[in-house]
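1. Give me a 3D structure for the following:
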Amino acid sequence: MSAGYAAIALPGIYSGYRQLRDPHGKAIEMPRLIPQLLPFCQAGREIAIFFDQDSKPSTIKNVRRAIERTGHLLGSQGCKVSVARWASEFKGIDDFIASQGVEALLGIERISLDAYKIENFSAITPDLKINERYISQSLEVPESAKIIGIKAPKGTGKTEWIAAKIAPLLAKGDRVLVLTHRVQLGKELANRFGVNYRSELVKNEDGSLLGYVLCIDSLHGKANPRFNPLDWENTTIIIDECEQVFWHLLNAPTCEKYRAKIIDSLRELLRIAVFTGGKIYLADADLSMNAISYVQSLIGYSVSNYILENTYKTPLKRNLYLFGGNNPSSLIQELEIAVNSGQKVICHTDGQKYKSSYGTRNLEYLFKKKYPNLKILRIDSESVADRTHPAYGCMGNLDQILCQYDLVICSPVIESGVSIDVNHFDAVFAISHGVQTIDSFAQTLARVRADVPRYIWSSGHSPNRIANGSTDLKQLLAGEHFKAKNTIRILQSVGLREIPEFTFLEDGEKYSPSLSLWGKNAVKINLEAKNYRELLMKKLENEGYNITRLDQGDKESIEALKDEIKSASDENYSEHKEAVLNADTISNSEYNSLKEKRELTEGERNQLKRARIERTYGINLTDELITKDDDGWYPQIRLYYFLSVGNEFLTDRDSQKLDDALENGGGKVFKPDVNRSLLSAKIQLLKLLNVEQFFDPEREFTGDDLADWIDRLKNPTIISQIKSILGFSLSMGDTAIGFAQRLLAGFGLRLSYVSHRRRGDGTRQRVYRGADPLADGRGEIFERWIERDRELGNQEIGDIAA
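-> Numbers count the residues shown, from 1 in each chain. Now for the predicted structure:
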């Protein structure tokens, strides 16, 4: 108050709210602000939280929890909540003012509550903190440490330090196992650590004698070569970029089939390695206690940790230019200026499909068409795995290959763990639509080590929403538990046989480490999604970038370039569809063989795509069908099929899905995977919401007509079910028509506007007509699906409507 600010003192960190509990300490109502705070809660008013800073880990944890809970309640009243931070040597803000003066208060940083929550996910308590340009290879850790964590900025030598530590082990014949999440990154790490990559074992005389590098997707007994944790006693395990590896393990579709077995295999591997004298290295620029705790929990008993944090920040700030606008056209205009002036440029983008206007394929097509003399290389997951493409095999030899090109266009295949050290590029360009996490995009920007300018465009928000989209861990996990329980109950109620060995992964344990880490990462991603660009800029600023925000420039020229990009994209996509239509028809055995291949030529990809679409829909391939499939038509019509004409097959479909998951998981399933793959709970809820009333194209609707319908849905129980099962929210302010459109979007349908109609009081309301579900041709496909489902029965339903 002496500094001129209105200040509210609380007697304790938890004193800003109350929550009734029963005699056993269990909460029996939602928390609520104390009445004394409510008069200060005005919509739009900023309330900054200045709780004391403490060095004791348990106190730090309690303060974080209190800030998040109090801040959430203040935010729910419409306040703009921020959290203040000051130099750590001052415990309280009064200590800071007494030492630094009132004027210094103006310079104190205040960050949003969401940014504060995200920081807490990345918080770490190091045993040793250093501030060095490179981690000294002479730096030693205690011999007693079993888990060694290294958190250090990009380009400060994390990988090189680990390589130096394991070199003597390899020299005396000890084994090293390196786990990663990308094949191409794995090959790069194999070179840097001096061991073979998994697929190269048969080509090298030493094979797996000294260990090898493998993707965590292959950490199970059915992989080739077969993985057995019992073979890895007294082994040094390295998990570089561990935050991304663990998220890949817990959420990536490529791990889904064997996820339960992979997690069990990882648990056994870590236990065996540590128990027999091995060590575990965890390295990441964004390493958090969550990752370290996960490894500790999988081991199952307490082992000694040692965490090293390098806080180095380059004194020479890199220049970063942020382009505005609703799309990256202004950045592409600057990219054209750069290549026209003879600059060597690398451009990172987050898409690679033909439907992605600013993805790798379409940018390559655009620049090759406009600048035929330019040497251009496209690097994405498809080009590096195509033995006929110049990018094939480039990941282990990037510095030598990249310097041969004027323009290199990359997908997130170059994202983390890759170091581009050659001084070839004059500028780095990057496009983010929010598909990558903020940490991943920041990693991408740092792949080129040279201090050349960065030019980026970023979407304001991210399309990523995990599970029910909640930013509260308890609510998100409660939604997963409810959805899984409800699905199994539905299947059992319609005759699903009891499966005695059926369990959810880690369900028998008091604490489920895998589900907990999945939930924490999901909440972080959901938090980032709301203010993606703002939080990204904050992170990059903290990493030492000098950020300049640029205006969009000449709107007329930008619009002309946008049209040109769209035209080139359409042309490229038309050529792609023509190639798929002209691809050879293949047999079922050839189709299954191609699906399993890791390396495919462009021709083989076209064959595979043609075969997949024909087998999915059961009708002749057409240009229109390719477009619909690429636009995400399949899950939309599948949902309508099982709601309507195919409803009789839904139980068989979900039962088969569950049986397959249990077989692949050794009797266990991971709860989020079950929730994603089974449809029974979603179909049942859609029926209860009476979505079928909107499938009559002869019927008209107004907001007044649907008033009773929407009012019945606006109760806490139904709202909670909608969020948990359908993954989106119904708020008290939603209109009936708006919510109906949201429901219909899941089917690829919408109500169509017809006219206005006057009420009795003279006011007007909009009139809408119901959707015609069969107008887009899905009826023909349903006829084929019904025939197949009846012929094949339960055993192969998953192949038809997966």
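
2. Let me see the contact set for the nearest residue to residue 643 once chain neighbours are set aside.
-> Spatial nearest neighbour of residue 643, excluding adjacent residues (Cβ to Cβ, 6 or more residues apart in numbering): residue 683 at 5.4 Å. Where C-beta positions appear, they are placed from N, C-alpha and C, glycine not excepted. Listed by Cβ atoms under 8 Å, 6 or more residues apart in numbering, the contact set of residue 683 reads 639, 642-643, 647, 650.

3. I'd like to know which of the residues you listed are buried.
-> When these are checked for burial by 16 or more other Cβ atoms under 10 Å, the buried set is 639, 642-643, 650.

4. which one of those residues sits closest to residue 268?
-> When the buried ones among the contacts of residue 683 are ranked by distance to residue 268 (Cβ to Cβ), residue 650 comes first, at 36.7 Å.

5. pLDDT wise, what is residue 65 at?
-> The per-residue pLDDT reported for residue 65 equals 87.

6. Can you name the helix or strand that it falls in?
-> If you go by DSSP states H and E, residue 65 is part of helix 57-76.

7. chain center to that helix, what's the gap?
-> Distance, stretch centre to chain centre, for helix 57-76: 25 Å (Cα atoms, centre = their mean, to the nearest Å).

8. Strands of the stretch 601-750 of the chain, start to end?
-> 668-669, 700-701 (DSSP state E, counting those that start in this stretch).

9. Which strands and helices lie in contact with the longest helix anywhere in the chain?
-> Secondary structure of the chain per DSSP state H: the longest helix is helix 555-581. The contact analysis (3 or more Cβ pairs under 8 Å, 6 or more residues apart in numbering; DSSP states H and E) places helix 555-581 against helix 329-340, helix 360-370, helix 602-617, helix 623-630.

10. Now do the next helix or strand after that helix: which elements does it pack against?
-> Where DSSP H and E defines the elements, the next helix or strand beyond helix 555-581 is helix 588-596. For helix 588-596, the packing partners by 3+ Cβ pairs under 8 Å, 6+ apart come out as helix 602-617.

11. got any ranges where the stretch 651-800 of the chain has weak pLDDT?
-> In the predicted model of the stretch 651-800 of the chain, residues 793-800 satisfy pLDDT under 70.

12. now the helices: where do they sit in it?
-> Here the stretch 651-800 of the chain has its helices, by DSSP state H, counting those that start in this stretch, at 671-677, 680-688, 707-713, 716-721, 736-745, 778-792, 797-800.

13. In the first one, which residues are buried?
-> Going back to what we said before, that points to helix 671-677. Burial within helix 671-677, assessed by neighbour count using 16+ other Cβ under 10 Å, is assigned to 671-675, 677.

14. what does the fourth one give?
-> Within helix 716-721, the residues that count as buried by 16+ other Cβ under 10 Å are 719-721.

15. what's the answer for the second one, then?
-> Taking 16+ other Cβ under 10 Å as the basis for neighbour counts, the residues of helix 680-688 that come out buried are 680-686.

16. From the chain's centre, how far out is it? Work that out for me.
-> Using Cα atoms, centre = their mean, the offset of helix 680-688 from its chain centre is 27 Å.

17. Kindly export it (C-alpha atoms) in PDB.
-> What follows is helix 680-688, C-alpha atoms only, in PDB (Å, rounded to 0.1, in the frame of the first residue of the first chain):
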ATOM      1  CA  SER A 680     -20.500 -46.700 -27.800                       C
ATOM      2  CA  ALA A 681     -20.500 -44.000 -25.100                       C
ATOM      3  CA  LYS A 682     -20.500 -41.200 -27.800                       C
ATOM      4  CA  ILE A 683     -23.400 -42.800 -29.700                       C
ATOM      5  CA  GLN A 684     -25.500 -43.300 -26.600                       C
ATOM      6  CA  LEU A 685     -25.000 -39.700 -25.500                       C
ATOM      7  CA  LEU A 686     -25.800 -38.300 -28.900                       C
ATOM      8  CA  LYS A 687     -29.100 -40.300 -28.800                       C
ATOM      9  CA  LEU A 688     -29.800 -38.900 -25.400                       C
END
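
18. ok, back up a step: now the buried ones among the contacts of residue 683 as JSON lines including pLDDT?
-> Shown next, in JSON lines, are the buried ones among the contacts of residue 683 (pLDDT from 0 to 100):
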{"residue": "639", "pLDDT": "98"}
{"residue": "642", "pLDDT": "98"}
{"residue": "643", "pLDDT": "98"}
{"residue": "650", "pLDDT": "94"}
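
19. what's stretch 448-460 in contact with?
-> Contacting residues not belonging to stretch 448-460 are listed as 155, 314, 316, 318-323, 325, 327-328, 330-331, 334-335, 346, 419-421, 423, 425-434, 441, 445, 531-534, 536-537, 545 [Cβ under 8 Å, 6+ apart].

20. Would you write a PyMOL line that selects the buried entries of the residues you listed?
-> Burial among the contacts of stretch 448-460 is assessed by 16+ other Cβ under 10 Å; the matching PyMOL selection reads:
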select buried, resi 155+318+320+321+322+323+325+327+328+330+331+334+335+346+419+420+425+426+427+428+429+430+431+432+433+434+441+445+531+532+533+536+537+545
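
21. Can you pull the poorly scored residue ranges out of this structure?
-> Within the chain, the stretches with pLDDT under 70 are 1-2, 201-208, 494-502, 507-511, 793-802.

22. And it, split by domain according to the record?
-> For the chain, the structural domains run 17-121, 128-310, 318-461+531-568, 468-529+632-802, going by automatic domain parsing.

23. got these as CSV, with distance to residue 625 columns?
-> Listed next are those as CSV, based on distance: least, Cβ to Cβ, whole Å:
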stretch, distance to residue 625
domain 17-121, 42
domain 128-310, 23
domain 318-461+531-568, 14
domain 468-529+632-802, 8
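
24. for the ones you listed, which one sits closest to residue 609?
-> domain 318-461+531-568 (10.4 Å).

25. Over to that closest one now: how far is its first residue from its last?
-> 33 Å (Cα to Cα, to the nearest Å).

26. just use 40 as the starting number from now, easier for me
-> Done: numbering now begins at 40, and the last item shifts to domain 357-500+570-607.

27. Who are the contact partners of residue 217?
-> By Cβ under 8 Å, 6+ apart, residue 217 lies in contact with 225, 228-229, 232, 234, 250-253, 276-279.

28. Restricted to helices, list those residues.
-> Among these, DSSP H puts 225, 228-229, 232 in helices.

29. ok, back up a step: any chance of the buried ones among the contacts of residue 722 in a markdown table, plus distance to residue 733?
-> As requested, the buried ones among the contacts of residue 722 are exported to a markdown table (distance: Cβ to Cβ, whole Å):
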| residue | distance to residue 733 |
| --- | --- |
| 678 | 14 |
| 681 | 17 |
| 682 | 12 |
| 689 | 20 |
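
30. Helices - which of the residues you listed land there?
-> If you go by DSSP H, the buried ones among the contacts of residue 722 have 678, 681-682, 689 in helices.

31. nearest to residue 306, of the residues you listed?
-> Using Cβ to Cβ, residue 689 comes nearest to residue 306 of these, at 34.5 Å.

32. Residue 188: which element?
-> Secondary structure (DSSP H and E) places residue 188 in strand 186-190.

33. Could you spell out the sheet neighbours of that strand, each with its direction?
-> strand 318-323 (parallel), strand 344-349 (parallel) (DSSP bridges).

34. would JSON lines of these with distance to residue 637 and mean neighbour count be doable?
-> Converted to JSON lines, the strands paired with strand 186-190 look like this (distance: least, Cβ to Cβ, whole Å; neighbours: other Cβ atoms under 10 Å):
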{"stretch": "strand 318-323", "distance to residue 637": "26", "mean neighbour count": "24"}
{"stretch": "strand 344-349", "distance to residue 637": "35", "mean neighbour count": "20"}
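
35. So residue 658 is in contact with residue 822, correct?
-> No: look at residue 658 against residue 822 with Cβ atoms under 8 Å: they stay out of range, at 9.2 Å.

36. Contact partners for residue 753?
-> So residue 753 contacts 769, 771 (Cβ under 8 Å, 6+ apart).
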